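Novice: predicted model follows, preceded by the sequence.
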Amino acid sequence: MLGLAALVAGAVAGAVWGLGIAACGLAGMVALHVQNLRALKRWVQSPVETPIPSGRGVWETVFAALHRFSRELSRERRSLAEALQRFRNAGEAMPDAVVMLDAGHHIEWCNAAGQTYFGLDGERDKGALVFNLIRQPEFAAYLAADRSGQALLLKSDRGGGLLISVQLIPYGDQEKLLIGQDVTEFERVATVRRDFVANVSHEIKTPLTVISGFIETIQTTGPAPQQLERYLSLMAEQAHNMQRLVEDLLVLSALENESNSVAGEPVAIAPLMNALLRDAQSLSGGRHDIQLEVQAPGAILGSEIELRSAFGNLISNAIRYTAQGGKVGIRWQMTDGAGLFSVEDSGIGIPAEHIPRLTERFYRVDRSRSRATGGTGLGLAIVRHVLLRHDATLNIDSEPGRGSRFTLKFPATRMVAVVPPPEHQLQLAASR
Ligand SMILES: Nc1ncnc2c1ncn2[C@@H]1O[C@H](COP(=O)(O)OP(=O)(O)OP(=O)(O)O)[C@@H](O)[C@H]1O
Ligand SMILES: [Mg+2]
């Protein structure tokens, strides 16, 4: 266009005019390009989200192409950011600890469980060396040995003494994921199980050794009539101990399987207390002064068999750990709607340091004394489970040499003030 105009002007008005017009046209074009280039430069130097300027002439096409390209980039950036956020949300939702490490073991990111288990701070500890924050020597050794894939058991000192199973998983370009799983409860159960098997084996070993010892003696020396009777009675005693142990274990395992609280039926207090007194008197054989006091009899909502077993355990302990001539007091009373059952004795008492552990399975203050009186060490463990199932609590007061008092407290919600009439009890019994 511009060339044609210059040629026409040159032909009509002379070469000077033609050249002049061509020069003016060129200057205009240069000015247009410079203006568009400036706009482009300004845009390039401005923040990422600044809209692209609208160009003129050929620049319109260039800017339109740039605009498309920039829109595409923004979309990709958004979808990448969304994917990253989704990944982080998933990481946060994980119950296990996740810590992302770079090739040099610097922390890049960690989720909420990572912060709890290892005591890390997602923001503050970003870029820190992980072994400066998880400081157990075995962890540093684990990182150095690069035993990726294998788990390490770590007692977390900053995470409230949790037991964490830690695993390092390599990914990407020498980066690593540190995964931590809370195995505190799992390890506790495993320890309880190991202790339990060891205890049961130990408890059964003693009577079995005695019995097999006598059998061997009889086999080698032949039955000596004067000894035989004594051997047989000792063997019977040991067999009886084993039988008691197995029975108690069965009761305990049944109670543990039924871990929910019992709905129960009203169990009348007065007849239960009288039955317990009779059992106590026969166990004592007249060697103790046993008193029963029942204030405000009513009923407990619960299982009669379980309650009788728990109360009976406490009474039999009081008798067994109280010397001849000692006193045993059994009492039922109500305070503020709650029911209190207590057994008090003037026996050997229990040193304070043992009291918190008495309800553990097989825990005895004096093993030989308990065994000598036929104890399995499971009585109070059974009591504890029965109480759990009846929403009740146990309190132990004791002083060595002076005696002990075991008190069971049943909440008001478990108490029935009036005993149901006998016909109702019969109906309940029939519907069971
Ligand atoms: N009234 C008490 N006086 C003194 N010590 C007691 C009394 N009651 C319990 N103990 C101590 O608590 C321990 C645990 O009691 P628990 O009833 O669980 O077991 P046990 O009496 O030895 O055996 P089991 O009751 O299974 O026959 C006993 O071995 C004993 O040392
Ligand atoms: Mg006992």
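Specialist: Received it, and whenever you're ready, just let me know what you need. Ligands and ions are numbered 1, 2, ... in the order given.

Novice: OK, contacts around the closest residue to ligand 1 within the stretch 51-200 of the chain?
Specialist: Closest to ligand 1 within the stretch 51-200 of the chain is residue 199: 12.2 Å, counting by C-beta to the nearest ligand atom. Quick note: C-beta positions are derived from backbone N, CA and C, even for glycine. By C-beta atoms under 8 Å, 6 or more residues apart in numbering, the contact list for residue 199 reads 361-362.

Novice: 6 Å instead?
Specialist: residue 362 (C-beta atoms under 6 Å, 6 or more residues apart in numbering).

Novice: the host helix or strand of it: what's the following helix or strand?
Specialist: Using DSSP states H and E, residue 199 falls within helix 184-221. With elements assigned by DSSP H and E, the helix or strand that comes after helix 184-221 is helix 225-257.

Novice: next SSE after that next one?
Specialist: Downstream of helix 225-257, the next assigned helix or strand under DSSP H and E is strand 265-268.

Novice: one step back: ok, the residue of the stretch 51-200 of the chain closest to ligand 1 to residue 275 distance?
Specialist: Distance of residue 199 to residue 275, computed by C-beta to C-beta, to the nearest Å: 32 Å.

Novice: following the particular helix or strand that has residue 24 in it, which helix or strand comes up?
Specialist: For residue 24, the host element (DSSP H and E) is helix 15-45. Moving toward the C-terminus from helix 15-45, the next helix or strand (DSSP H and E) is helix 58-93.

Novice: which ones are touching the closest residue to ligand 1 within the chain?
Specialist: Residue nearest to ligand 1 within the chain (C-beta to the nearest ligand atom): residue 379, separated by 2.2 Å. Going by C-beta under 6 Å, 6+ apart, residue 379 touches residue 313.

Novice: packing partners of the helix holding residue 24?
Specialist: Packing partners of helix 15-45 (3 or more C-beta pairs under 6 Å, 6 or more residues apart in numbering; DSSP states H and E): helix 2-13.

Novice: about what we covered before: can you state the direction angle for the helix holding residue 199 and helix 225-257?
Specialist: In terms of direction (axes from the mean of the first three to the mean of the last three C-alpha atoms, to 10 degrees), helix 184-221 departs from helix 225-257 by 160 degrees.

Novice: and ligand 2, is whatever helix or strand residue 309 lives in touching that?
Specialist: Using DSSP H and E, residue 309 sits in helix 304-320. Yes - counting by C-beta under 5 Å from the ion, ligand 2 has neighbours in helix 304-320: residue 317.

Novice: show me how far the helix holding residue 199 is from its chain's centre.
Specialist: 30 Å (C-alpha atoms, centre = their mean, to the nearest Å).

Novice: check stretch 180-200 too.
Specialist: From the chain centre to the centre of stretch 180-200 is a distance of 12 Å (C-alpha atoms, centre = their mean).

Novice: what's next to the helix holding residue 309, contact-wise?
Specialist: By C-beta under 6 Å, 6+ apart, helix 304-320 touches 267, 276, 280, 283-284, 288, 328, 343, 345, 373, 379, 383, 386, 406.

Novice: quick one: buried residues of it?
Specialist: 304, 306-320 (16 or more other C-beta atoms under 10 Å).

Novice: what's the neighbour count on residue 365?
Specialist: Counted with other C-beta atoms under 10 Å, residues neighbouring residue 365 total 19.

Novice: just checking, it touches residue 354?
Specialist: Yes - at 4.9 Å, residue 365 and residue 354 qualify as touching, with contact defined as C-beta atoms under 6 Å.

Novice: near ligand 1 at all, whatever helix or strand residue 279 lives in?
Specialist: Per DSSP H and E: residue 279 is located in helix 269-284. No - Helix 269-284 stays clear of ligand 1 (C-beta under 6 Å from any ligand atom), getting no nearer than 11.3 Å.

Novice: so residue 152: helix, strand or coil?
Specialist: Secondary structure, DSSP: H, G, I helix; E, B strand; the rest coil: residue 152 is strand.

Novice: mind listing what it touches?
Specialist: 142, 166.

Novice: what about the residue in the chain that ligand 2 sits nearest to? Give its phi and psi, please.
Specialist: Nearest to ligand 2 in the chain, going by C-beta to the ion, is residue 379, at a distance of 2.7 Å. Dihedral angles of residue 379 (phi, psi; degrees, to the nearest 10) stand at phi -50, psi -50.

Novice: what pLDDT is listed against it?
Specialist: Here, the pLDDT recorded for residue 379 equals 93.

Novice: what's the separation between it and residue 386?
Specialist: According to C-beta to C-beta, residue 379 stands 11 Å off from residue 386.

Novice: what does this protein put close to ligand 1?
Specialist: Checking the chain against ligand 1 by C-beta under 6 Å from any ligand atom, the hits are 248, 313, 317-318, 321, 345, 347-350, 358, 363-366, 370, 375-380, 404.

Novice: if you set the cut-off to 5 Å instead, what comes out?
Specialist: 317-318, 321, 347, 350, 358, 364-365, 370, 375-380, 404 (C-beta under 5 Å from any ligand atom).

Novice: for these, which one is nearest residue 102?
Specialist: Among the residues of the chain next to ligand 1, residue 358 lies closest to residue 102 (C-beta to C-beta), at 53.4 Å.

Novice: look up how far residue 381 lies from that closest one.
Specialist: From residue 358 over to residue 381 the distance is 9 Å, taken as C-beta to C-beta.

Novice: returning to what we had before: for the residues of the chain next to ligand 1, pick the one with the most neighbours.
Specialist: Highest count within these by other C-beta under 10 Å belongs to residue 318, 28 neighbours.

Novice: the closest residue to that one other than its chain neighbours: what's it in contact with?
Specialist: In space, and not counting its chain neighbours, residue 318 is closest to residue 345: 3.8 Å by C-beta to C-beta, 6 or more residues apart in numbering. Counting by C-beta under 6 Å, 6+ apart, residue 345 touches 318, 322, 328, 403-404.

Novice: now, the most widely separated pair of those?
Specialist: 328 and 404 (10.4 Å).

Novice: can you confirm residue 334 is in a strand?
Specialist: Yes - counting by three-state DSSP, residue 334 is located in a strand.

Novice: assign a three-state SS to the closest residue to it other than its chain neighbours, would you?
Specialist: In this structure, residue 334 finds its nearest non-sequential neighbour in residue 296, 4.3 Å apart by C-beta to C-beta, 6+ apart. State at residue 296, reduced to three classes by three-state DSSP: coil.

Novice: so residue 296 sits against residue 332, correct?
Specialist: No - taking contacts as C-beta under 6 Å, residue 296 lies outside contact range of residue 332: 7.8 Å.

Novice: and these two? Which one has more around it.
Specialist: Relative neighbour count places residue 332 above the other of residue 296 and residue 332, with 23 against 12, counting by other C-beta under 10 Å.
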